[in-house]
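J.: What follows is a protein structure lacking sequence information:
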């Protein structure tokens, strides 16, 4: 170790995919919530040709945190270095490198290096960070391997869609309606109950019971990142049976007629549960249509109530 209190660790995994393809996947941080289980949302603060600053919201040991990192991308060397600018306590410093090494034309080794310090070099904090880095690194590498190797197979069960409503009102009022999810039980007929915490400004933990068309209810838990007054991004961590992943975001774009409010969803179907939920003859297409309709119905209902709220506030 070059500095007292500095810890250095390395994790690696072998992936059955070309090194260049793996590099591109890691470089495209906007897709990280779909790839890495701990990642909730990533937002670009600055973006250049080979340098970028990104803000990341992620869970560590079941606690949601956020930080800003600077990254240097070297596509020729297949290396990406990163350094947290504003680490979240108890981290005093955190950085590292992704190194992708070709093993063969169809296989590569991914090495993930970390170096870190704890505030005041506290032993308990160091142990906490070590556990979080180890857990998240193993999770990220396993997810990366799965995502790359199953990319083509997953195309049929991964899909995205968006609903948009034009509102004759202000973006702030529409944003406020979506942001104030703790009031959805009284504002949205399809929401049976809500439990919401805000561990830090702009970061929400939302758990709610939602009614389906058939009268049944299901419980979901999401982490939400709220960026006034433009975006509310979320990632569900407790999912209905037909989904193995669900991320999305609400956006609010002002125009000459008011504001265009949109709800975007990205879903990966859980094919293991299709027969149990929809019957033995149900297909992937049936499950896709079912999930799309259910999510779109709720989104459009929420946007409709947001429209009424904002237009009444004018």
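T.: Sure, I can see it. Nothing here was measured: the structure is a model prediction, and the numbers come from that model. Residues are numbered from 1 along each chain as shown.

J.: How far does stretch 25-44 sit from its chain's centre?
T.: Its chain's C-alpha centre lies 6 Å from the corresponding centre of stretch 25-44 when counted by Cα atoms, centre = their mean, to the nearest Å.

J.: ok, and what's touching that stretch?
T.: Stretch 25-44 has contacts (Cβ atoms under 8 Å, 6 or more residues apart in numbering) with 52-60, 64, 71, 73, 75, 80, 98, 100, 110, 136, 139-140, 143-144, 147-148, 223, 225, 227, 231, 233-235, 245, 247, 249, 266, 268. C-beta coordinates here come from the backbone N, C-alpha and C atoms, glycine included.

J.: Filter those down to just the ones in helices.
T.: 136, 139-140, 143-144, 147-148 (DSSP state H).

J.: In the stretch 201-314 of the chain, what residue spans correspond to helices?
T.: Secondary structure of the stretch 201-314 of the chain (DSSP state H, counting those that start in this stretch): helices located at 274-278, 284-313.

J.: Which among these is found nearest to residue 193?
T.: helix 284-313 (14.9 Å; Cβ to Cβ).

J.: List the buried residues of that closest one.
T.: Residues 287-288, 290-291, 294-295, 298-299, 302-303, 305-307, 309-310 are the ones in helix 284-313 that count as buried (16 or more other Cβ atoms under 10 Å).

J.: cool, stretch 35-49 as well?
T.: By neighbour count on 16+ other Cβ under 10 Å, the buried set for stretch 35-49 is 35-43.

J.: same check, this time on stretch 243-255
T.: Buried-residue list, stretch 243-255, by 16+ other Cβ under 10 Å: 243-252.

J.: Tell me if I'm right that residue 210 and residue 193 touch.
T.: No. Contact criterion Cβ atoms under 8 Å: residue 210 and residue 193 do not qualify, at 9.2 Å.

J.: mind giving me the domain split of the protein?
T.: Following automatic domain parsing, one gets these domains for the chain: 7-149, 154-313.

J.: Now tabulate these in CSV and tack on mean pLDDT.
T.: Below are the domains of the chain laid out as CSV (pLDDT from 0 to 100):
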stretch, mean pLDDT
domain 7-149, 92
domain 154-313, 94
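
J.: which residues sit in contact with the closest residue to residue 254 other than its chain neighbours?
T.: Excluding the flanking residues, the one nearest residue 254 by Cβ to Cβ, 6 or more residues apart in numbering is residue 171, at 5.0 Å. Residue 171 makes contacts with 229-230, 252-254, 259, as judged by Cβ under 8 Å, 6+ apart.
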